[in-house]
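# Fold the following and give me the result.
(2 chains)
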Amino acid sequence: MKMEEMRLSGPDNTKLEALMQDIYSELVEDACLGLCFEVHRAVKQGYFFLDETDQESMKEFEIVDQPGVDIFGQVFNQWKNKECECPNCRRLIAASRFAPHLEKCLGMGRNSSRIASRRLASNNNMSKSESDQEDNDDVNDNDWSYGAEKKAKKRKSDKNQNSPRRSKSLKHKNGELGSSIASESYKYNYNTGISYESLGPDEVRSLLTTQCGVISEHTKKMCTRSQRCPQHTDEQRRTVRVFLLGPSAPALPDAELESSSFDIPDGPSLMSRLQWEDSSDISPADSASSKASANHSDSRRPKKKKRPALGLSSAGGSGGLAEGGGGMGGSQSNLSLMTKKKKPKISAAFISSIYDDMN
Amino acid sequence: MSKDYQLRAAINQKLIEMGERERLKELLRAKLVECGWKDQLKAHCKDVIREKGLDHVTVEDLVTDVTPKGRALVPDSVKKELLQRIRAFLVQHAAL
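The predicted model follows:
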């Protein structure tokens, strides 16, 4: 503390102390006086004893100070372990889960209609339905029926279907949604894959436009992950398409809305093409990307036949984009070029460049 | 001694001018409420009033009754802290 000062001011120490004490007692007296005035005013104005009622009520509402009980005398967590019987489905539900269960059970509440319509949609589309279809209510009660837990993962991906956010999330999670839309037809396959032998050509085609589709060596099933699934390369995807749909395979749908894979599939040929095409001092800007892909568009085009016009241009553009980005040295430029903001500009540029090429 | 008196007056003036006195007062009030001193004293006041009769209570009664008790009831921690602050101020601003 201030011991040094005390030692320094030896003879003044007592004076200092006395002064301190005086000031302190003055302050305390001020506080007491303040309280007295307050109380006196309350007495004279008549509100001093207002918080006191008769003795009986006072005893009743006294503050409780027992262990295990709050100050009102209520036991904490009293209803946590209790179970209630649902009047609708006659099941015993835990108290804390009762209200959400009732919402689903009675068909009221915010999410219940959404879930119900989603369920209806998936039930209609299912060609091979699962054998153990539980009760309607059970399916919705994720925390009660163990069967629902199995499908919980698929349910999560299906959740986006009816919600208004679907179109938005389509951009961000293209792969997940794509696979969920396809996999709803093959409900039980969400974590394995699809057996291509059981599908017709149309189904295969639709599947391949949205999913990776690479056939696994061990299980002979098609990969249900997104087009950009990191386990398989674009080469593999192309091979699978050629294999399944014949040599006139549709264009590899690298990207419907997003740009293609970040990993550049053919390294050396890519590099050689780049060196021939672009100089390395082009900054990663729109002009650079449009230049790069304009040069590449006709080399890419023959491979892509079966795409809609916009898809073609955007695929070609983003294919070229990937290469252009790769050549410009570094994943950073890749990433900067791959930003979604550049997409509309790029596709516009490509459409015009493709027209030029055709002419 | 008048010198002493002058010194005190000067210090008090400085306390007030710098706003330190207000700050100390507020600090003390807050601490006393926190530690329950105010409620204790209020309960004591209730007893006094009941004793004297609601209509005949005067300020002087209350003051003479309450102040010594109040002074005694201040907890040590609050007292120490306040003394510390006062000493700090004095050392800093009073030429002793």
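# Point me to the helix or strand that includes the residue of chain A found nearest chain B.
Of all residues in chain A, the one sitting closest to chain B is A:C32 (4.0 Å; CB to the nearest CB). From N, CA and C alone the C-beta is placed, and that goes for glycine too. Element membership for A:C32 (DSSP states H and E) is helix A:10-45.
# same thing with B:L83?
Using DSSP H and E, B:L83 falls within helix B:76-93.
# Identify the residues contacting that helix?
A:1-2, A:5, A:16, A:19-21, A:23-24, A:27, B:11, B:14-15, B:18, B:20, B:24, B:27-28, B:31-32, B:35, B:37, B:96 (CB atoms under 8 Å, 6 or more residues apart in numbering or on different chains).
# Please convert the buried members of those into ChimeraX selection syntax.
Selecting only the buried entries of the contacts of helix B:76-93 in ChimeraX, with 16 or more other CB atoms under 10 Å in any protein chain shown as the criterion:
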select /A:5,16,19,20,23,24,27 /B:11,15,20,24,28,31,32,37
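# picking up where we left off before, which parts of the helix holding B:L83 are buried?
B:V78, B:L82, B:R85, B:I86, B:R87, B:F89, B:L90, B:V91.
# For those, give me JSON lines that also has distance to B:L41 and pLDDT.
Shown next, in JSON lines, are these (distance: CB to CB, whole Å; pLDDT from 0 to 100):
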{"residue": "B:V78", "distance to B:L41": "14", "pLDDT": "94"}
{"residue": "B:L82", "distance to B:L41": "17", "pLDDT": "94"}
{"residue": "B:R85", "distance to B:L41": "22", "pLDDT": "92"}
{"residue": "B:I86", "distance to B:L41": "22", "pLDDT": "92"}
{"residue": "B:R87", "distance to B:L41": "26", "pLDDT": "91"}
{"residue": "B:F89", "distance to B:L41": "27", "pLDDT": "90"}
{"residue": "B:L90", "distance to B:L41": "28", "pLDDT": "89"}
{"residue": "B:V91", "distance to B:L41": "32", "pLDDT": "87"}
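# Looking at these, spot the one nearest B:S2.
Nearest to B:S2 among the buried residues of helix B:76-93 is B:L90, at 19.9 Å by CB to CB.
# can you give me the helices for chain B?
Here chain B has its helices, by DSSP state H, at B:2-17, B:20-34, B:37-52, B:59-73, B:76-93.
# go on, the stretch 101-250 of chain A?
Secondary structure of the stretch 101-250 of chain A (DSSP state H, counting those that start in this stretch): helices at A:112-125, A:136-140, A:146-150, A:152-158, A:166-172, A:174-183, A:201-210, A:234-245.
# Lowest average confidence across these, which one?
Of all these, the minimum mean pLDDT falls on helix A:174-183 (a mean of 45).
# Residue of chain B nearest chain A, please.
The nearest approach of chain B to chain A comes at B:G70, 4.0 Å away (CB to the nearest CB).
# list the contacts for that residue?
B:G70 is in contact with A:V28, A:A31, A:C32, A:L35, B:W37, B:L41, counting by CB under 8 Å, 6+ apart.
# how about A:A94, phi and psi?
Here is the backbone geometry of A:A94 (degrees, to the nearest 10): phi -60, psi 150.
# Identify the residues contacting it.
Applying CB under 8 Å, 6+ apart, we find A:A94 in contact with A:N81, A:K82, A:E83, A:C84.
# Equivalent analysis for B:L32, please.
B:L32 makes contact with A:A31, B:K38, B:V74, B:V78, according to CB under 8 Å, 6+ apart.
# hmm, which of these are the buried ones?
A:A31, B:K38, B:V74, B:V78.
# which pair in the residues you listed spans the largest distance?
B:K38 and B:V78 (11.8 Å).
# What is the burial count for A:V69?
A:V69 is flanked by 12 other residues according to other CB atoms under 10 Å in any protein chain shown.
# Do I have it right that it meets A:Q78?
No. Between A:V69 and A:Q78 there is no contact under CB atoms under 8 Å: 10.1 Å.
# hmm, back to that, sort out for me which of the contacts of A:A94 are in strands.
The strands, defined by DSSP state E, take in A:E83, A:C84 from the contacts of A:A94.
# Chain A against chain B: which residues are in contact?
A:1-2, A:5, A:9, A:12, A:15-16, A:19-25, A:27-37, A:39-40, A:43, A:48-49 (CB under 8 Å from any CB of the partner chain).
# for chain B, which spans come out with low pLDDT?
B:1, B:95-96 (pLDDT under 70).
# who in it is up against chain A?
Counting by CB under 8 Å from any CB, the residues of chain B near chain A are B:4, B:7-8, B:11-12, B:15, B:21, B:24-25, B:28-29, B:32, B:38, B:41-42, B:45-46, B:49, B:54, B:57-59, B:62-63, B:66-67, B:70-71, B:74, B:79, B:82-84, B:86-88, B:90-91, B:94, B:96.
# how's chain A carved up into domains?
A:14-65, A:81-115, A:193-248 (the TED database).
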